[in-house]
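1. Provide a 3D model corresponding to the input given below.
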Amino acid sequence: MIIEISVALIAVSFAALVIYGIVTLKSVRTSLDQANDTLREIRQDAKDVIKESTRLMQNTNQIVANIQGKLHSADPIFRSIQDVSEAVHEVTSSVRQASTAVSQTLTHSVNEAVHRKENILVETIGVVSFAINRYLKWQASRNNKTGS
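-> Numbers count the residues shown, from 1 in each chain. Down below sits the predicted model:
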């Protein structure tokens, strides 16, 4: 009887092991099916992303080519602007030099004129002073003649 109970326990244990194995295998199969579904979705999404990336790269290349063309056509404008800038700088420098020269000439001329007028004024004051002294002496000598 012990052998029969042992065999029965082994059979029950084996049956439980088989049932557990079946449940585990079904769970593994479900997980693998979900993984396969996920992989299919990822492959489709990857294809969509690749298509969109390809379109984006083509558009980007067109935009870059367009910008390069416009920049190339704008080169003469920028060169002209640079030439105008250099010309304006030269004119400004020339005007500055001319203005400095005119200012120095005017300052020198004004200083000379002021100096000449100053000399004339000093000479005039000297003559007037001399004339006043002579007049006062003449009047004093006249008063002396009439009063004496």
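
2. what about T60, neighbour count?
-> Using other CB atoms under 10 Å, T60 is surrounded by 10 other residues. C-betas here are computed from N, CA, C, even on glycine.

3. any idea of the pLDDT on it?
-> We have a pLDDT of 93 for T60.

4. do the one 4 residues further on as well
-> If you check V64, the pLDDT there is 93.

5. now do V7
-> Looking at V7, the pLDDT reads 90.

6. one more: V95?
-> At V95, pLDDT is 88.

7. separation between it and Q34?
-> Distance of V95 to Q34, given as CB to CB, to the nearest Å: 84 Å.

8. same thing with K70?
-> Distance from K70 to Q34, by CB to CB: 53 Å.

9. what's the answer for V23, then?
-> 17 Å.

10. do A98 as well
-> Counting by CB to CB, the gap from A98 to Q34 is 89 Å.

11. the residue most central in space within the chain: which element?
-> With distances taken as CA atoms, centre = their mean, the residue of the chain nearest its centroid is F78 (17.8 Å). Under the criterion DSSP states H and E, the helix or strand holding F78 is helix 2-147.

12. report the distance from that helix to the chain centre.
-> Counting by CA atoms, centre = their mean, to the nearest Å, helix 2-147 is centred 0 Å from the centre of its parent chain.

13. okay, now H115: neighbour count?
-> 10.

14. okay, it: pLDDT?
-> For H115, the predicted pLDDT is 87.

15. for G147, same thing?
-> pLDDT at G147 comes out at 62.

16. circling back: for the residue nearest to the centre of the chain, give me the pLDDT.
-> For F78, pLDDT reads 83.

17. measure it to K70 for me?
-> For F78 relative to K70 (CB to CB), the value is 12 Å.

18. A15 too?
-> 81 Å.

19. how near is I19 to K26?
-> 11 Å.

20. swap that for S129, sorry
-> 138 Å.

21. repeat that for E86.
-> E86 is 85 Å from K26, by CB to CB.

22. next: H89.
-> H89 is 87 Å from K26, by CB to CB.

23. pLDDT value on T107, please?
-> Taking T107 on its own, its pLDDT is 87.

24. and it, how many residues sit next to it?
-> With other CB under 10 Å as criterion, T107 counts 10.
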